[in-house]
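Colleague: 3D, please:
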Amino acid sequence: MDRPIKIAVTRVKGAEDIPMPQYMTEGAAGMDLAANVANNTYLEPGEFKLIPCGIKIELPIGFEAQVRPRSGLAAKYGITVLNSPGTIDSDYRGEIKVILINHGKGKFEIKRGDRIAQLVISKVERVEIVQKHLSETSRGEGGFGHTGV
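Modeller: Okay, here's the model as predicted:
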């Protein structure tokens with residue numbers, strides 16, 4: 001087994017009680033992020049809000065953190081991450097925040113410390129863009145359901 005990559009994390013002042021990101025099971029790909037809200041916050045149906053998570057991270061160059069929805073919140077309440085997946089770049093040092101949206105039918109309550117999203121750390125490659133003629137393929141420009149349902 002490879003040794004895990006170490007990611008530096010610091011809490012934002014006033015968020016000392018907010019749980020650090022953590023994997024909830026041995027096989028989990030994402031670590032849960034918790035809400036750093038001072039008071040209970042509500043999302044009305046169709047409403048979206050930026051929810052702080054109380055932490056800052058330092059990623060090594062060549063890595064990103066992806067903010068993804070929690071499947072249970074989506075399935076039970078229609079709550080998801082608006083810009084899913086949100087990307088946190090290796091040079092960002094601000095507080096992690098999650099844009100949550102309520103696609104459900106009822107008002108949704110977010111309490112301090114609630115697990116609201118998950119964080120997946122991924123390796124990324126940087127590329128050089130070269131303008132040139134593209135090679136032909138059998139698919140060509142077919143997309144958006146061109147192979148049928």
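Colleague: would you tell me which strand is longest in the protein?
Modeller: strand 115-123 (DSSP state E).
Colleague: so for that strand, what gets flagged as buried?
Modeller: Arg115, Ile116, Ala117, Gln118, Leu119, Ile121 (16 or more other Cβ atoms under 10 Å). For the C-beta atoms, the positions are set from N, CA and C on the backbone; glycine is no exception.
Colleague: just these now: which is nearest Tyr42?
Modeller: Lowest distance from Tyr42 to the buried residues of strand 115-123 (Cβ to Cβ) belongs to Ile116, with 13.3 Å.
Colleague: would you map the strands across this structure?
Modeller: 8-11, 31-34, 41-43, 48-52, 55-58, 63-68, 79-81, 86-88, 97-102, 108-110, 115-123.
Colleague: any idea how far Arg10 lies from Glu16?
Modeller: No, residue 10 isn't Arg; it's Thr. From Thr10 over to Glu16 the distance is 11 Å, taken as Cβ to Cβ, to the nearest Å.
Colleague: who has more neighbours out of those two?
Modeller: Thr10 (14 against 8; other Cβ atoms under 10 Å).
Colleague: who's in contact with that one?
Modeller: Ile55, Lys56, Ile57 (Cβ atoms under 8 Å, 6 or more residues apart in numbering).
Colleague: can I get the residues you listed in JSON lines including distance to Tyr23, neighbour count and pLDDT?
Modeller: Below are the contacts of Thr10 laid out as JSON lines (distance: Cβ to Cβ, whole Å; neighbours: other Cβ atoms under 10 Å; pLDDT from 0 to 100):
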{"residue": "Ile55", "distance to Tyr23": "15", "neighbour count": "20", "pLDDT": "98"}
{"residue": "Lys56", "distance to Tyr23": "19", "neighbour count": "17", "pLDDT": "98"}
{"residue": "Ile57", "distance to Tyr23": "15", "neighbour count": "20", "pLDDT": "98"}
